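Trainee: with the input below, show me the fold.
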Amino acid sequence: MGLIKRLRVTQRAMERAMLGVSIRDRIRNVEIRRRTRVTYSQPTAQRVAKLKCQWAGNIVRRKDGRWGPRVLEWQPRTGKRSVGRPSTRWTDDIKRVAGSRWIPAAQNRGIWNTLKKTYVQQWTSIG
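Mentor: Here you go, the predicted model:
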């Protein structure tokens, strides 16, 4: 949810920069959007979620020996962890939608495309 909010804020900041308008000018976002005439085919959050899921599928399907797929399957060494909740990993969002066996599911493009649509819907419904 925080990432979606930051994306929206950054997008508005870029539009204000295009017009040379400051936040102190107190011009509403609707007015800025009207002045810039920027049209969006899809909201930024949906685009980001779609590209993230698409990239994850591409990484998993690689067969050229690069380190990307190996990193996704890597298990950290055992030992004492620091106190507190563990940091959220990049793949945790995908695992929530596709399950723990998302890597074999990504090998099949048909299944992965349906999971990608579900992922985008769930990721953007948060914000």
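
Trainee: for the residue nearest the centre of the chain, give me its contacts.
Mentor: The centroid of the chain falls nearest to Ala49 when counting by Cα atoms, centre = their mean (3.7 Å). By Cβ atoms under 8 Å, 6 or more residues apart in numbering, the residues touching Ala49 are 119-120, 123-124. Glycine gets a C-beta too; all of them are placed from N, C-alpha and C.

Trainee: count of residues packed around Met14?
Mentor: A count of nearby residues for Met14, using other Cβ atoms under 10 Å, gives 11.

Trainee: okay, and it sits in which element?
Mentor: helix 2-19 (DSSP states H and E).

Trainee: next SSE after that helix?
Mentor: Per DSSP H and E, the first helix or strand lying C-terminal to helix 2-19 is helix 29-36.

Trainee: next one: that next one to chain centre, how far?
Mentor: Offset of helix 29-36 from its chain centre (Cα atoms, centre = their mean, to the nearest Å): 26 Å.

Trainee: ok so, going back, where's the residue nearest to the centre of the chain, which helix or strand?
Mentor: Assigned by DSSP H and E, Ala49 falls in helix 44-61.

Trainee: thinking again about what came up before, narrow the contacts of Ala49 to those in helices?
Mentor: Judged by DSSP state H, the contacts of Ala49 include 119-120, 123-124 as members of helices.
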